[in-house]
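K.L.:
This is a predicted model, with the sequence first.
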Amino acid sequence: HGMGVHAHTIGDGAVRFMMDAVAEAETAAGSFDQRNIFVHLQLVDPADIKRMGEYNVIAGTAPLWVPKIPGVSDQEAIYVGDERTELFYPVKSFIDADVVTVSHTDYPVSSAMSIPETIYLGVTRASQGDPSSIRGPQEAVTRMDVLRSLTTNVAYMWRMEDRLGSLEVGKIANATVYDKDFLNGDLEEIPQAQLVSTIVDGNVVYSKQFLQEMSN
């Protein structure tokens, strides 16, 4: 039916199980550019990261969860050990293996997605102001990598890359405008970025300036 599979793969055993299923299905029926997506992806065996790239399985990770959170990280260590908790959410390894990555939240289980905070967390892998919260710094990615995971890569996952995801002639004019430069501004200021306006189908549907003028 042309539908991709969306699987919650929490742990390397779950990822291996689903990769085996994808491989078996494509061996039997062929590849139809399914763009299946695995989400969560706390732990992934390097061999399965490679297979995800080979089978074009999209990696849905949550930068919001990457930093070590007091109490939560202690529980994680009880289950898998301190050494393995450092390997959680191997985003750079996905990108290096040519795996398309998208950023997700898990709302309402966790808080709603913050674009500025997601960029900061993807680059630093630590909570702002708390160096002790850093997890697996070797898996840090660039600002552009995170921005793609929120825009063009999501459009690709939805099979709408010809209509959405970037500002180009002929695409739907959807955009958000912030008061910080995500790619070149001071990284420590990015999480405090404020939304200035939201544009949908070329129409401004939210304007901070308009609301300020109305309140005055």
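P.N.:
That came through, no problem. Numbers count the residues shown, from 1 in each chain.

K.L.:
How far off centre is stretch 81-97?
P.N.:
Computed by Cα atoms, centre = their mean, to the nearest Å, the chain-centroid distance of stretch 81-97 equals 14 Å.

K.L.:
outside of it, which residues touch it?
P.N.:
41-44, 46, 49-50, 52-53, 59, 61-63, 65-66, 68, 73, 76-77, 101, 122, 135-136, 138-141, 145 (Cβ atoms under 8 Å, 6 or more residues apart in numbering). (Glycine included, C-beta is placed from N, CA and C.)

K.L.:
On the three-state scheme, residue 204 is what?
P.N.:
Recorded secondary structure, residue 204: strand (DSSP: H, G, I helix; E, B strand; the rest coil).

K.L.:
What number of residues are in the vicinity of the nearest residue in space to it that is not next to it in sequence?
P.N.:
Excluding the flanking residues, the one nearest residue 204 by Cβ to Cβ, 6 or more residues apart in numbering is residue 197, at 5.6 Å. Neighbours of residue 197 under the rule other Cβ atoms under 10 Å: 15.

K.L.:
Which neighbouring elements make contact with the helix or strand hosting residue 197?
P.N.:
Taking DSSP states H and E as the criterion, residue 197 maps to strand 195-200. Contacts defined by 3 or more Cβ pairs under 8 Å, 6 or more residues apart in numbering; DSSP states H and E place strand 195-200 against strand 175-178, strand 203-207, helix 208-215.

K.L.:
The shortest one pairs with which strands?
P.N.:
In other words, strand 175-178. Partners of strand 175-178 in the sheet, by DSSP bridges, are strand 195-200 (antiparallel).

K.L.:
Then the second one?
P.N.:
Applying DSSP bridges to the sheet, strand 203-207 is found paired with strand 195-200 (antiparallel).

K.L.:
which stretches of this structure form strands?
P.N.:
Using DSSP state E, the strands of the chain run over residues 6-9, 37-40, 58-61, 101-103, 175-178, 195-200, 203-207.

K.L.:
picking that back up, buried ones among the contacts of stretch 81-97?
P.N.:
Buried members of the contacts of stretch 81-97, counted by 16 or more other Cβ atoms under 10 Å: 41-44, 49-50, 52-53, 59, 61-63, 65-66, 68, 73, 76, 101, 122, 135-136, 139-141, 145.

K.L.:
how close does the residue positioned nearest the centre of the chain get to residue 154?
P.N.:
Centroid-nearest residue in the chain: residue 103, 1.5 Å away (criterion: Cα atoms, centre = their mean). Applying Cβ to Cβ, to the nearest Å, the value for residue 103 to residue 154 is 8 Å.

K.L.:
what do you get for residue 68?
P.N.:
In terms of Cβ to Cβ, residue 68 sits 27 Å off from residue 154.

K.L.:
Correct me if wrong: the residue nearest to the centre of the chain contacts residue 122.
P.N.:
Yes. Between residue 103 and residue 122 there is a contact under Cβ atoms under 8 Å: 7.2 Å.
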